[in-house]
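[1] With the sequence up front, the predicted model follows.
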Amino acid sequence: MSATSGVARRDEDEVCPVCKSSRYLNPNMRFLINPECYHKMCESCVDRIFSSGPSSCPVAGCRKTLRKNKFRQQTFEDIGVEREVDIRRRVMQVLNRREEEFDSKRAYDDFLEQREEIIANLVSGIDVVKTEAKLKRYATDNVQSIRTNQALEVEESQSFQARMTLEQEEARLRRQAAREEYENERREMQAGRNDFLLRLAAGSPADAAAIAREGHKVLLKKSSARRSEEDRIRQKQAALRGTDVKRTASLLNTADTAGTTDTGLVKGLRKIKAPEPEKPYDPFDGMVPEKHDYYTLQDYYPSAYLDKIRKDTRMQAGGYDLREYYSRSLMEAFAGLGVSIAEEVAQRDATSMLGRSKPASTESAAMAAVGNTVASENAT
């Protein structure tokens, strides 16, 4: 018996545990399951029992409350695989942390291992109540980050689908353009060959070389135009890849701004710092006009020379202000107070010591060279 016939035989042997109807007697019978208990029953029993509202599972020994809108068709043949897939999907919707949210790759790997351990416990029925309580508390404390990551997954999926559609359309257009180009080249080559033969037949043998050179120039011009078109296509593809990189960077920045709450379930999360509020625009970059460290500018300084200028209307007619002279003079007078003489002296001494060390080494080398010369002369 083949595998296909075995599966068909098992389908025929399926019996509804409620009405005891068999698919052997009713080939059009549809079986539905509910993710609460995964007990299989026929569609007619589901309509009859759960149409009026939630009710207990009619299977003997099962006391779980079921709802009609939760029933669905079975995807996998093995009900255990069906249950494991549902559990995995539900856990991964809650524990949907991304790698960029962790301090290191090791912390992210530990998170993946912890998530698989939680899934295995729920599938095997180990500490189910405790594990479900942890998941519920984590989902309550991290609602914002879970929603943000879910939105990122949806956006990435849509971007991937759009990119795949665009690439398929571009591939179709490239194939169509290649076919058209091949047909055009074939027609042009045939027309050029016919024209070449006609010109050779009408011309003299001396014109054969000139006609051949002219045909070669035409081919070179066409190949140059083809290369230009290929370069344009490559630049367009590079621009599309750059757009995808920018979109990925924006997604990562969005994930970085998502807040995190450490509930004790997930370890190694990167601490997110709230961005500092933007400071008001300062056109002077922190510099306060009319503020000085060593003096205070006054409106009047007694001076016999300046008193004459202050009373002279010819000096004041052009808008001249003596405060500008006061400010410039005081700034020049106090300009050197911000210089540390001790630091400059120390730096100068250090530089002089370095300068002296080099001549000393040179001098010792010269004395050694003289000593070697004298020794060689004595030996001679």
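    Arrived safely, thanks for sending.
[2] Give me the distance between K134 and R23.
    K134 is 41 Å from R23, where distance means CB to CB, to the nearest Å. Glycine gets a C-beta too; all of them are placed from N, C-alpha and C.
[3] more crowded one of those two?
    Neighbour count, other CB atoms under 10 Å: between K134 and R23, R23 has more, with 18 against 15.
[4] ok, the more buried one to M29 distance?
    5 Å.
[5] between these two, what contacts are shared?
    Jointly contacting R23 and M29 under the rule CB atoms under 8 Å, 6 or more residues apart in numbering are E14.
[6] how about the helices in this structure?
    3-13, 43-50, 79-94, 105-124, 128-141, 143-202, 208-256, 304-311, 313-316, 322-333, 341-379 (DSSP state H).
[7] rank those helices by pLDDT, which is bottom?
    Looking over the helices of the chain, mean pLDDT reaches its minimum on helix 3-13, with a mean of 49.
[8] can you count the residues close to C45?
    Look at C45: counted by other CB under 10 Å, it has 17 neighbours.
[9] residue contacts, it?
    Contacts of C45 by CB under 8 Å, 6+ apart are C16, V18, C19, P58.
[10] now do 6 Å
    C16, V18, C19 (CB atoms under 6 Å, 6 or more residues apart in numbering).
[11] Kindly indicate which of those residues lies nearest D141.
    V18 (41.3 Å; CB to CB).
[12] got a pLDDT number for that closest one?
    Note on V18: pLDDT of 87.
[13] Go ahead and confirm it touches C42.
    No. Taking contacts as CB atoms under 6 Å, V18 lies outside contact range of C42: 7.3 Å.
[14] per the record, what domains does this protein have?
    Following automatic domain parsing, the chain resolves into domains at 8-74, 78-273.
[15] Now do the longest one: distance to the chain's middle.
    With CA atoms, centre = their mean, to the nearest Å as the basis, the distance from the averaged C-alpha position of domain 78-273 to the chain average is 12 Å.
[16] for the first one, same thing?
    The chain centre lies 46 Å from the centre of domain 8-74; the measure is CA atoms, centre = their mean.
[17] tell me which residues of stretch 60-77 are tucked away?
    L66, K68, F71 (16 or more other CB atoms under 10 Å).
[18] got a list of contacts for that stretch?
    Contacting residues not belonging to stretch 60-77 are listed as L32, I33, N34, E36, C37, V46, F50, P54, S56, C57, E82 [CB under 6 Å, 6+ apart].
[19] export the residues you listed to a markdown table and tack on neighbour count?
    Output for these, formatted as a markdown table (neighbours: other CB atoms under 10 Å):
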| residue | neighbour count |
| --- | --- |
| L32 | 18 |
| I33 | 21 |
| N34 | 20 |
| E36 | 14 |
| C37 | 16 |
| V46 | 21 |
| F50 | 20 |
| P54 | 11 |
| S56 | 11 |
| C57 | 20 |
| E82 | 17 |
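[20] sorry, back to before: could you list which of the buried residues of stretch 60-77 belong to strands?
    L66 (DSSP state E).
[21] Nearest to T148 among the buried residues of stretch 60-77?
    Using CB to CB, the buried residues of stretch 60-77 come closest to T148 at F71, 32.0 Å.
[22] Tell me the spacing between the closest one and K311.
    Counting by CB to CB, the gap from F71 to K311 is 104 Å.
[23] Take the buried residues of stretch 60-77 and write them to a markdown table, including pLDDT.
    Formatted as a markdown table, those follow (pLDDT from 0 to 100):
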| residue | pLDDT |
| --- | --- |
| L66 | 91 |
| K68 | 89 |
| F71 | 92 |
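[24] show me the contacts for L122.
    Counted by CB under 6 Å, 6+ apart, L122 has contacts I87, T131.
[25] try 7 Å this time
    I87, V128, T131 (CB atoms under 7 Å, 6 or more residues apart in numbering).
[26] Roughly how far does F160 sit from D109?
    24 Å.
[27] Same check on P58?
    In this view, P58 and D109 are 45 Å apart by CB to CB.
[28] Comparing the two, which residue is more hemmed in?
    Between P58 and D109, counted using other CB under 10 Å, the more crowded position is P58 (18 against 13).
[29] That one reaches R48, doesn't it?
    No. At 9.9 Å, P58 does not count as touching R48 under the criterion of CB atoms under 7 Å.
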